[in-house]
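Engineer: Dropping a prediction and its sequence here:
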Amino acid sequence: MDISVIFDLRNILSPDRVLRDVLLKEHTTFKTGGPAGAFVLVENNDELARVVVFLKNREIPFFVLGNGSNLLVSDSGFDGAVIKLSGSFNELSVSDNVIIAGAGVLLSKVCLMAEESGLSGLEFAYGIPGTLGGAMVMNAGAYDGEMSYVVSEVTVLDGEGIVRTLSCEDMHFGYRESIIKHSPMIVLSAKMTLEPGDRAEIHNKMADFLQRRKSKQPLEFPSAGSTFKRPVGYFAGKLIEDAGLKGKRIGGACVSEKHSGFIVNTGGATASDINMLMETVEEEVYQRFGVKLEPEVIKIGKF
Ligand SMILES: Cc1cc2nc3c(=O)[nH]c(=O)nc-3n(C[C@H](O)[C@H](O)[C@H](O)COP(=O)(O)OP(=O)(O)OC[C@H]3O[C@@H](n4cnc5c(N)ncnc54)[C@H](O)[C@@H]3O)c2cc1C
């Protein structure tokens, strides 16, 4: 990244909020990824709009980093700006049966607030290790629930730097899909409308879901959750296992012995190891069963 861009960004924000040489492996749950051209901490809508307009005018690629729990970042990193939302993006409030959360708030925190307030509907999301922003983009879901069932409004910054409010319909939510994934929009916050419920029941449901995760998923290793989307009519993990790929390794990357739907970093895996293993799995499953596995994990940078 051109050093003049760093200086200009530091003038827009402040020197301590535009960092160089930040390794993205420290910001992803896969624990892989090289340096960001610039790592930019943005604290409010106004700053975000100024940064986005600047980057667009200079034609500098950028992306918003949530909790990095669905990303495979290249070993060579990302030669652009990585925007991390902080400050006012971490605000969380509840009023009656409505929770409003900033895009940077961890989903688990939103779930705990719902539980504390005796509000039901978000139990499924407890244990998904992402931010509210990432959960909107991915329409995160589990155990027959997904964000689209509870979201009533999403506030975004559009490609022109204008703040807009989208309804749930406007979001075009689908299976691990939303309009945000295919547009330059950035999620600022979301409003979730929940149902009054019994606190103990909500608590027990969340504890049960968490326990199920612990018993079925290889949470002891770095990963990005399910590597592939569920193909219509199949389960990715079962296809991978039936193709004899459970435990298959490339470098430090391994198809989990505990859950074949997860590729894990057993220690020292490079992004390239993980990418090669993903491609091997896709190829073998296609050869064996004629089913095309589509990555759920988003790849960033050059592979
Ligand atoms: C152990 C484990 C278990 C998991 N279980 C589940 C599960 O049960 N269900 C499920 O759906 N997922 C699961 N995941 C995957 C992941 O947690 C979700 O996809 C989550 O929603 C990603 O959120 P994030 O904040 O980490 O986003 P990131 O991974 O940081 O980003 C994902 C995408 O969203 C974009 N993005 C993030 N924030 C914004 C924003 N504010 N505005 C615009 N774009 C943004 C990023 O640019 C990127 O394209 C799991 C992951 C792990 C590691």
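Structural biologist: Everything's here; your move.

Engineer: what's around the closest residue to residue 22 other than its chain neighbours, how many residues?
Structural biologist: Among residues not flanking residue 22 along the chain, residue 39 sits closest, at 3.7 Å (Cβ to Cβ, 6 or more residues apart in numbering). Heads up, the C-betas are built off the backbone N, CA and C, glycines and all. For residue 39, the number of neighbouring residues by other Cβ atoms under 10 Å comes to 22.

Engineer: From here on, call the first residue 35.
Structural biologist: Noted, 35 is the first residue going forward, which turns the last one into residue 73.

Engineer: Close to the ligand: what parts of this structure are there?
Structural biologist: 63, 97-105, 119, 137, 162-165, 167-169, 171-172, 174-176, 214, 220-221, 251, 253, 257-259, 332 (Cβ under 6 Å from any ligand atom).

Engineer: Now the stretch 235-337 of the chain against the ligand: closest residue?
Structural biologist: Of all residues in the stretch 235-337 of the chain, residue 259 sits closest to the ligand, at 2.4 Å by Cβ to the nearest ligand atom.

Engineer: That residue reaches residue 293, doesn't it?
Structural biologist: No - Residue 259 is beyond contact range of residue 293, at 9.9 Å (criterion: Cβ atoms under 8 Å).

Engineer: which neighbours do these two share?
Structural biologist: Jointly contacting residue 259 and residue 293 under the rule Cβ atoms under 8 Å, 6 or more residues apart in numbering are residue 251.

Engineer: re earlier: is it correct that the residue nearest to residue 56 falls within a strand?
Structural biologist: Yes - applying DSSP: H, G, I helix; E, B strand; the rest coil, one finds residue 73 inside a strand.

Engineer: Contact partners for it?
Structural biologist: Residues near residue 73 by Cβ under 8 Å, 6+ apart: 52-54, 56, 115-116, 118.

Engineer: Also residue 105?
Structural biologist: By Cβ under 8 Å, 6+ apart, residue 105 lies in contact with 62, 64, 67, 99, 258, 331-334.

Engineer: and what of residue 282?
Structural biologist: 288-289, 311, 314-315.

Engineer: and if you look at residue 104?
Structural biologist: Residue 104 makes contacts with 164, 168, 172, 258-259, 330-332, as judged by Cβ under 8 Å, 6+ apart.

Engineer: coming back round to it: from the contacts of residue 105, which land in strands?
Structural biologist: Members of those lying in strands (criterion: DSSP state E): 99, 332-334.

Engineer: Now list the buried members of these.
Structural biologist: 99, 334 (16 or more other Cβ atoms under 10 Å).

Engineer: gap between the closest residue to residue 132 other than its chain neighbours and residue 142?
Structural biologist: Nearest non-adjacent residue to residue 132, counting by Cβ to Cβ, 6+ apart: residue 227, 5.5 Å away. Noted for residue 227: a distance of 20 Å to residue 142, by Cβ to Cβ, to the nearest Å.

Engineer: swap in residue 75?
Structural biologist: Distance of residue 75 to residue 142, computed by Cβ to Cβ: 22 Å.

Engineer: ok so, going back, just the buried residues of the residues of the chain next to the ligand.
Structural biologist: With burial judged by 16+ other Cβ under 10 Å, the buried subset of the residues of the chain next to the ligand is 63, 97-105, 119, 137, 162-165, 167-169, 171-172, 174-176, 214, 220-221, 251, 253, 257-259.

Engineer: Enumerate every residue touching residue 307.
Structural biologist: Taking Cβ under 8 Å, 6+ apart as the criterion, residue 307 is in contact with 284-287.

Engineer: just residue 306 next, same as before
Structural biologist: 108-109, 285, 337 are the contacts of residue 306 under Cβ under 8 Å, 6+ apart.

Engineer: before we move on, back to that, mind listing which of the contacts of residue 104 are in helices?
Structural biologist: Among the contacts of residue 104, the members falling in helices (DSSP state H) are 168, 172.

Engineer: for the contacts of residue 104, which one is nearest residue 300?
Structural biologist: For the contacts of residue 104, the minimum distance to residue 300 (Cβ to Cβ) is 14.3 Å, reached by residue 258.

Engineer: Isn't that closest one up against residue 67?
Structural biologist: No - look at residue 258 against residue 67 with Cβ under 8 Å: they stay out of range, at 11.1 Å.

Engineer: Need the residues touching each of these two.
Structural biologist: 105-106.

Engineer: if you skip the residues just before and after it, what's nearest to residue 207?
Structural biologist: In this structure, residue 207 finds its nearest non-sequential neighbour in residue 182, 3.6 Å apart by Cβ to Cβ, 6+ apart.
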